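Asks: Need a 3D model of the sequence below.
(chains A and B)
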Amino acid sequence: MAALIRRPRPRAISLVGLGFVFLIGVWLLVNLLKDPERFFTVFLIGLTTGLVYALVALGYTLVYGILQLINFAHGDVFAFTGLLASTMILTVFDLTEQDSAGVIILGLLGTLVVVVAFGATLNSLIERVAYHRLLKAPRLALLITAVGMSFIVQNVALAIYDVNFRRVPELIPRSDVFSIGGVHYQWNKLSVVLITIPVLLLLTWLVRSTRQGKGMRATAQDPDAAAMVGIDVNRTISFTFALAGGLAGVGGLLFLLQFNIRYDSGFELGLIAFTAAVLGGIGNLSGAVLGAVVIGLIQAFNEGLAWATPGSDWTRSIIFGVLIAILVFRPQGILGEQVADRA
Amino acid sequence: MSEGTSTERPTRARHPSGGTFDFISGPWQRLPARVREWAPLAIVLAVAVLYPYIVGDLKSFATIGDFFPELDAAVYILVFTMMALGLNIVVGYSGLLDLGYVAFYAAGAYTAGWLASGQFQDVSFHFGSVGIQRDTQGIHVSVWLVLLIAGSFTAIVGILIGLPTLRLRGDYLAIVTLGFGEIIPQVVRNGDSFGGFNVTNGTFGINPIDSPGFGTTLNDAVGLPVNFQQSFDKFRLFYWGILVLLLITVFCSWRLRDSRLGRAWIAIREDETAAAAMGVPLMRTKTWAYAIGAFFGGVAGAYYASFKSGAFPSDFYFNISVFLLCMVILGGMGSIWGVLAGGIILSWLNIQGLAVIGDKFNDAAGTNFEIAKYQFGIYGTIIVLMMLFRPTGLIPERRHKRELEEGVHDETFFDVSH
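Replies: The predicted structure follows:
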């Protein structure tokens, strides 16, 4: 992968970019001063949504780091796991709001294990079936195949779950954890943080400290050299896909608990998550989390703030606008691309 | 032109890069070379031109009759095939993956909506419009002219999208075009009050849009139809209209490919670094690919809007982009005959084929399976299978064959460094 040639950009362009950032800052400040309560409530919503996006964004960034492939099917794997989670909760465990806390927690943990296993299996299966033969082919072929796989996964989900939105009862109460001066934070939001943070720590440990994680990083830097020092590159690739799928599974369950989901929800969410990965610097794990939180905040601010906001009609345009702006002004993302020096 | 599937194959030998007729022997071989070269094309063309006259008879056949498209479906098929040819310039010739081609379709359709309808009630501007009362409010420019304007406007949109994005690596380019393909429909959907000014009429879309035609003067002089939409032969006229546009597109694709610009595109696709070293200006060449590819999408979009007499935001969604990409891949990236075949097959499947096949299957098996519901799953499967087993497409382009089948470019092929 050739690094982006970092030509000295014309000053005008960076000034325009800085101008944008400055205007956004002013806009946020005015909103904060006008209605601080609302600002912080929206901020917490954005933070929580951002963490769910982070789980999906990490899947993109992991796979991109290894194969330089935008795995379009990833968003659909995420939606599929969410749908499976709805089956587990509604049919297999048959959880309702009336169940005791212990039953709900056990049921949700059971669901979590199942969907993580399912996401991991599905994602590495996709790699085996569709991408594996094309690893030596031009990247265009791989990318097009990923687009095709996205539709296949989506339609399998459609065949099983039909077109209806699925939602689950409010298993985690929406009562307040804390309420400071009119800023409320509910248990169902906190639960997202409580699940996401350990998962992220686990992932960091896995990538930083385990043998397999070191293998992943080596493969991302140079697959040929990695193979030469005895790393099983194929297994590492499978493992990466499984890891990404597992994270998507966690994300799918958390998303289902907050919102509703259907067979094609993964398309838009996948794009949002990918934008987050690019925003943070694709291939960079902490970047993906940071980018996802920023995107979550952008979405929440856009939909929730009162002063001069375009509103939810424009969310998609704004997120893609951010993506395009990032690619134009700072293609390496906020934290930079870690694998960029692979020539 | 739905018979394309069966007739496309012989025409393959007409490919200027020179195939052979080794699979046809006997009397055919004894015909003069010139006849052999042009006969398949002439037959395809004759059938295509005469299709409106024979469609009635074709459809009266038992069983297989159902598979022939009606004329309105044929218009749809040709419109989308024309867009696929436009996309082929971007993806097939230049190797730039564009996942937002639907934006160009939308731009073309809405240009027609702005310049040939009553959308802007505050003004009254007529220029060569047909079948419109002189005192009707709105902008009414002749649709023929609108087609050109729509193409040019869309080409400008293509350039605007291209300028910031073409410097990016190939996969980033794909995602950014996808982003534009999502933004433009949303802008269109929300565009009913930009500062209080109704630009796109929001979710209701713009309709009615004027119809093409030749006006009363030409009608009196040589009998050309006054107005397609109000004509008794409406579908025939629209069919011939799009057939002419498609032929122009094919001609341009063919001439462009062998032009200096076309060779530069293919050079960039094959090896960007080498092309740059040989003096091909990368940005300019790629921007031209975008502009010209967009041009045909815009013209096709405007024509289709005029045919449907409306432009609606619900028509423009991501799946259309993938659908068009699928046509190019199925047929063979960079191959004109391939994309024609791929476009005709897939748009036929989409408008009619899947439904008919589903009905036949359900009648025969006594099931109730909605095959059309899974259309995009089917297209996705086609994409994956083609990529895995025949990446060069049904009718491969000769130059592309080498690169995709032998993998002569492992990575550099699609890396963009500028």
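Asks: Pull the number of nearby residues for B:A46.
Replies: 10 (other C-beta atoms under 10 Å in any protein chain shown). C-beta: built from backbone N, CA, C; applies to glycine.
Asks: now it: how far from chain A?
Replies: Distance of B:A46 to chain A, given as C-beta to the nearest C-beta, to the nearest Å: 36 Å.
Asks: Around chain B, pick out the residues from the stretch 101-250 of chain A.
Replies: Residues of the stretch 101-250 of chain A lying close to chain B (C-beta under 8 Å from any C-beta of the partner chain) are A:130, A:133-134, A:136-141, A:143-145, A:147-152, A:154-156, A:158-159.
Asks: Which among the residues you listed count as buried?
Replies: A:130, A:134, A:137-141, A:143-145, A:147-152, A:154-156, A:158 (16 or more other C-beta atoms under 10 Å in any protein chain shown).
Asks: Tell me the spacing between B:I383 and B:P391.
Replies: Distance from B:I383 to B:P391, counting by C-beta to C-beta, to the nearest Å: 11 Å.
Asks: ah, wrong one, I meant B:F153
Replies: Taking C-beta to C-beta, one finds B:F153 at 35 Å from B:P391.
Asks: what does B:I64 give?
Replies: In terms of C-beta to C-beta, B:I64 sits 32 Å off from B:P391.
Asks: What of B:K373?
Replies: 28 Å.
Asks: Pick out whichever of these two has more residues nearby.
Replies: Between B:K373 and B:P391, counting by other C-beta under 10 Å, B:P391 is the more crowded of the two (24 against 15).
Asks: pLDDT below threshold where in the chain?
Replies: I went with chain A, as the question did not name one. Scanning chain A for pLDDT under 70 picks out the ranges A:1-13, A:337-343.
Asks: Not quite, go with chain B.
Replies: B:1-26, B:169, B:399-418.
Asks: Strands along that one, start to end?
Replies: Along chain B, the stretches classed as strands by DSSP state E are B:116-117, B:124-127, B:138-141.
Asks: Can you name every helix or strand that the first one contacts?
Replies: Translated: strand B:116-117. strand B:138-141 (3 or more C-beta pairs under 8 Å, 6 or more residues apart in numbering or on different chains; DSSP states H and E).
Asks: pretty sure B:I161 is touching B:T177, no?
Replies: Yes. Under the criterion of C-beta atoms under 8 Å, B:I161 makes contact with B:T177 at 6.9 Å.
Asks: shared neighbours of these two, anything?
Replies: Overlap of the contact sets of B:I161 and B:T177 (by C-beta atoms under 8 Å, 6 or more residues apart in numbering or on different chains) consists of B:100, B:103.
Asks: tell me the contacts of the most centrally placed residue in chain B?
Replies: By C-alpha atoms, centre = their mean, chain B has its centre lying nearest to B:M83, at 1.5 Å. By C-beta under 8 Å, 6+ apart, the residues touching B:M83 are B:101, B:104-105, B:296-297, B:300-301, B:324, B:343.
Asks: which residue sits closest to the one residue in the stretch 201-343 of chain A that gets nearest to chain B in space, ignoring its chain neighbours?
Replies: Nearest to chain B, among the residues of the stretch 201-343 of chain A, is A:F320, at 3.5 Å (C-beta to the nearest C-beta). Counting by C-beta to C-beta, 6 or more residues apart in numbering or on different chains, A:F320 lies nearest to B:G179, which is 3.5 Å off, once chain neighbours are set aside.
Asks: now A:A248
Replies: A:F78 (4.1 Å).
Asks: so A:V183 makes contact with A:V42?
Replies: No. Using C-beta under 8 Å, A:V183 is not in contact with A:V42, being 9.8 Å away.
Asks: Give me the more crowded residue out of those two.
Replies: Neighbour count, other C-beta under 10 Å: between A:V183 and A:V42, A:V42 has more, with 23 against 17.
Asks: how near is that one to A:V56?
Replies: Taking C-beta to C-beta, one finds A:V42 at 21 Å from A:V56.
Asks: anything in stretch A:58-73 sitting right up against chain B?
Replies: Yes. Using C-beta under 8 Å from any C-beta, we find that stretch A:58-73 touches chain B at A:68-70.
Asks: Okay, buried residues for whichever strand or helix holds A:F239 please.
Replies: Element membership for A:F239 (DSSP states H and E) is helix A:233-258. By neighbour count on 16+ other C-beta under 10 Å, the buried set for helix A:233-258 is A:233, A:236-258.
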